[in-house]
Structure formats: structure tokens, C-alpha cells
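Asker: Return a 3D structure for these sequence lines:
(chains A and B)
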Amino acid sequence: MAADTWIIVAGQPGVKNLIEIARGLTGQVRALVVGTEDVADTIAAAGVDEVVWVRPDPDIPLEAYATTVQSVVQDNPGVLIGGRNPAERVLFGAAVATLGAPVFTGVSSVAADGDDVVVKHAAFGGITEQTVVISGPVGLVVDGGGLPEPGIAVAIEEIAAEAMNDVRVVGRSESTDEHADLASAARVIGVGRGLKKEEDLALIEELAQALKAEIGCTRPLAEGLDWLGRDRYIGISGAHIAPKLYLAVGVSGQLQHIDGVRGADLIVSINSDPRAPMTAEADYSLIGDLYKLVPALTSALSGR
Amino acid sequence: MRIVVAFKWAADYQEASVNGSGEVDWSRARPVVSSYDAVAIEVARQIADAVSGEVIGLSVIGEPTVPSMATKTALARGLDRVVVVADETLNNASTTQTGEVLSRAIRQIGDVDLVLAGDSSIDVAAKMVSSIAAGFLGWPAFTDVGNVNVTHGSGVELTRPTAVGSETFTVTRPTVVALTADAVVARVPGMKDILAAGKKPVEQLSLASLGDLESVPYTVRGTSRPSHGARLQKVIDATDTSAAVKQLAGILRDAGVS
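Answerer: Down below sits the predicted model:
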């Protein structure tokens, strides 16, 4: 199979890693963009060979264009690459079903081997790495990795957008919280259950300010306790980050969480329990009370 | 109204062990109906109770016979009946195969208005099966949904978080919905539920009855243990707070991250 590639873009242009993976293969790199004109323009200048653009109705969720995506991909099968956001996964899933392609998440490398495609990926929540060989279409789920570098733009081919069923947005609410972009942050502080009360997040915020870091968290803090927004949850089903520094504060280090931070250059853990799995996953671990260590570190970094 | 809940009888990958060459041993990991799936069953039950609907559990199992624990555990959580596709050839079925088999079984069940699923499986954790099943069905799918409301006409009203807040939209049925883990608090089955579960119908569909699958197979060439053991794993005793912090500040400075 000539390894031509479709990158499925849904709503947001932060698909740097997807393009890099596609560039590792030999064939043409095509992007299928379901999103605004701005998104299509950004992708057209991102180093792809071709852009096919579906312009969605602003009051219709992107997922409703799954059949449009399917018809495009069906005419031109190949390697499919999609991101991890909800709409990205749905449109990618539809494309994958059309081709009957197997899907792999946590992809670390892809290479063409004659007519086959060889994929190395983290399987079963990241507890093992598998090398798989596919002689046909294949789908790869790759973490976005932020905005691609702008370059020379290719032409955009707009095609008719046909929404499925009758889907219509009837209400939107905006939270006042600023949207966190953990994937492109250079420094990220991750907070876990070691933090005792929601109010104590103030300590973390001060440290984040001193370190110019974004704040992320483990799943319970975002989905059970609601202390932080879901966009701040780091882990297998949340954000996958690759900062220069990941500072885990009161994080036990469950595999689900670790899977999201593997890309960090330097990992530091602050934890009172030396036996916490996080210690084995960190470059440096401070074993002690975070309520003493965090304020002291904030002071030290602020030069006070 | 007929609701299908896709659930998986699977063990948490955190309970599996991995040897030096990356081979996974599941023998000591106990399969369960995951908390993700329990949420989907609970949401389905609440909808069905409100509109006098039916809740059918649907599962794909890679064994020739259905373990009775699997169906009983799911039924006790509030399903009316269970349909299982059990076949040895589905052992280690790919995510796409699982999605395709589910889609075929949903067609076979017939007249399905709504398919609900959990956010993720606990063994593979790809978060793709519901979208793929919808792709095979040609139905729309929505994931990360926190609230499902079916009181409105021939449609369903769904609410989900967005990057900036939340959005609510209506969609005509049939549709596929994957729920967030915190959509509702799932009930804990009582003795009465567990006893009643044993009397509810369980139907086994043969894979052959669903027709030839279109999913492309793949071969595993090898496994390896993930290389994240490459961390330095240095421990700094922080009994002396200021000394430890000073040392860390130096490390961060040297690494160029502070």
C-alpha cells in the first residue's frame, strides 16, 4: 500500500505531532479539516501537501459531519491520523470504520516497510509497548502537540458539508476560567490527592506564578472533586504533556497519570511517601511535607 | 424507547503484570464491569425509568461461552436483559473489530434509539470503540457527554464540556453517546438486585450470525517493556526543608527550567 496519509483535523489546528508522524511516511500528506476558515488556513501552511476543507455550520457540532469525512476518506484510503479531543476522536472513528482500519493509540513511531506499515505504540494503558505490522489501512491516534510551524501555504479545496441527523446547539455557557493549554506549556505543575483542601490550591498557584508554570492535575481532582477544570487533567484519557519540567506535587503516580507525562524532559516529585510509584517515575523526588516544601520553593524561586 | 448499553467484561490494566520483554500477564487480574460502564448503565436506567423504555446490555467476549458473573454483574446494575457476542476468535479483538461487532449486534437487536457507553475500557483504554461503532452504523456519535435528556420529542438533548465551558445540543435518534465518568453516581446493587439479575434474560449471538467482518487484521511483531525506567530516580531527603529546596532550586536552574 502506498502510505498516503489523511490527517483528520476537527475544530482546532494544534496538530503538530500528527503532521510530524505523517511526514515520517513516504506518501502524500493530506489534511481533512472540519473547522473554521482560520483553522483550514493554518493547516494549509503547516507543511501538508493537500487540504480538503469542510466548513461546518457554527450551530452544528463537528461530529455531525462524520459521514462527510467518511465519503472523502473512502475515495482515497491510506493511513489515518487523528487527535485526542472529543470531536477529533469521533470524526477519526468514523473514518477508521469506513476503511475497517485497526487503530493504535500512544503511537511513538511509524515507518513504511515495503507495502506494510510498522507501528510502535503503547498498549493496554501504556504498561507495554507493541510493535505491530499492518498491510492495509491503519488509524493512529496521536497527541496534538500544539500549533505547527507556519510555512508556505498549499491550496484549499472546499467540499460540501452535509450534517447527519438533525443536530443543533441549543445552549452554550462559558466558564470564567481561562482555558489551560497544557500540551504546549514549558513547565507544568501537577497536583494530586496529596493536597488536602481545595483552598490549598492557592499554594500551588503561587508556586506556578514563581515558576511560570501551568497547573495540571490527576483525574480525581478534575472529575471527582471538581477542584480544577477537566482541561487540566493529565493522564491516559486526559492531556498528554511534553514540558521541559513536570513537577508533581502530592501525586501518587498511578499508571494512568504517568502515561500523560512520559514526554516530559525532567520530572520532579514532591511527596511525603517514599514508596509512592511517582518516586520511580521521577528524576528527582523530594520526600517530605508539601505544605512546607511548596511555600519554601516558591520563596526560593522568587528570590526572596 | 430502546437503549443499548455497551459494556466490557475486562480487567484493569493496572492489575496486570508485565515481564521484562513487555508480555502482559492477565491471569491474576480480575475482570469486572468497570466504573465507566456502571455510569453508562445507570444513565440508561434513569432514562428508561422516566420514559418506560428498555435497557439492553451488549457485550463482546473473546471466549466461547459467556461467564455468568459477567452478565449477572451487569444485570444487577439495572439492565433489563443482556445480549452477548461470545466467540474465541474475538480474544484480543482489535478496537475496530470490537466496534464493528457491536455495530452488527446493534443492527441485529433492531429498533435501537440510543446507544450509551462508558468513557473508556479499563484494559485497552483507547477511548475509540463508541466512535468506531457509530462509524460502522452511520450514526452520529458524541463523547465526553455529562448529561443526557430525552424528554424532548424524537431527539435527545446532550450536554458536554467544551474548551471554554459547556454546550448543550439536540440530536435526533438514533445516536451513540459516550459518557464522562462523573455523569452520574452509579447505584451499588443490593441483594435484591443481585438475585433478580439471575432471572433476567441473557441472549448469546453467534459471531457467524453477524456476517463477515470488514475490519482489517494486524500482526503483533513484538513487545517490549516501556523505557520510562530511564528516569534518574534520585531521592532528596527533605527533612531539612530549606536545604532540600535549595538543592532543588539549583537543579531547576541548571536544567534551565526556572
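Asker: Send me stretch A:128-136 as CSV with only the CA atoms.
Answerer: C-alpha atoms of stretch A:128-136 as CSV (Å, rounded to 0.1, in the frame of the first residue of the first chain):
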residue,chain,number,x,y,z
THR,A,128,3.7,-2.4,27.5
GLU,A,129,4.9,-1.4,24.0
GLN,A,130,3.8,-3.3,21.0
THR,A,131,5.3,-3.3,17.5
VAL,A,132,2.6,-4.1,15.0
VAL,A,133,2.5,-4.7,11.3
ILE,A,134,-0.4,-3.8,9.1
SER,A,135,-0.8,-4.5,5.4
GLY,A,136,-3.7,-2.2,4.7
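Asker: mind listing what's buried in that stretch?
Answerer: By 16 or more other CB atoms under 10 Å in any protein chain shown, the buried positions in stretch A:128-136 come out as A:128-132, A:134, A:136. From N, CA and C alone the C-beta is placed, and that goes for glycine too.
Asker: Out of the residues you listed, which is nearest to residue A:273?
Answerer: Nearest to residue A:273 among those, counting by CB to CB, is residue A:128 at 26.2 Å.
Asker: before we move on, the earlier item: next step: the buried residues of stretch A:128-136 restricted to strands.
Answerer: Per DSSP state E, strands hold the following members of these: A:128-132, A:134.
Asker: Which of these lies at the shortest distance from residue A:196?
Answerer: Proximity of those to residue A:196 (CB to CB) peaks at residue A:128, which lies at 35.0 Å.
Asker: Does the closest one touch residue A:106 like I think?
Answerer: No. Judged on CB atoms under 8 Å, residue A:128 makes no contact with residue A:106 at a distance of 10.3 Å.
Asker: hey, what's in contact with both of those two?
Answerer: Shared contacts of residue A:128 and residue A:106, defined by CB atoms under 8 Å, 6 or more residues apart in numbering or on different chains, are found at residue A:122.
Asker: ok, back up a step: what about chain B: which of the buried residues of stretch A:128-136 touch it?
Answerer: Among the buried residues of stretch A:128-136, the ones lying near chain B by CB under 8 Å from any CB of the partner chain are A:128-132, A:134, A:136.
Asker: So for the strand or helix carrying residue B:43, what gets flagged as buried?
Answerer: Per DSSP states H and E: residue B:43 is located in helix B:35-51. Under the neighbour-count criterion of 16+ other CB under 10 Å, helix B:35-51 has B:36-45, B:47-48 buried.
Asker: Could you do stretch A:159-169 as well?
Answerer: In stretch A:159-169, counting by 16+ other CB under 10 Å, buried: A:163-165, A:167-168.
Asker: That one close to chain B?
Answerer: Yes. For stretch A:159-169 and chain B, the contact criterion (CB under 8 Å from any CB) is met by A:164-169.
Asker: So residue A:221, which state does it fall into?
Answerer: Here residue A:221 is recorded as helix under DSSP: H, G, I helix; E, B strand; the rest coil.
Asker: To which secondary structure element type does the closest residue to it other than its chain neighbours belong?
Answerer: In space, and not counting its chain neighbours, residue A:221 is closest to residue A:227: 4.8 Å by CB to CB, 6 or more residues apart in numbering or on different chains. Following three-state DSSP, the label given to residue A:227 is coil.
Asker: correct me, but residue A:227 touches residue A:200?
Answerer: No. Residue A:227 lies out of contact with residue A:200 (CB under 8 Å); the separation is 9.4 Å.
Asker: and the residue in the stretch 151-300 of chain A that chain B sits nearest to, what does it touch?
Answerer: The stretch 151-300 of chain A approaches chain B most closely through residue A:288 (2.9 Å), counting by CB to the nearest CB. Residues near residue A:288 by CB under 8 Å, 6+ apart: A:270, A:272, B:237-239, B:241, B:244.
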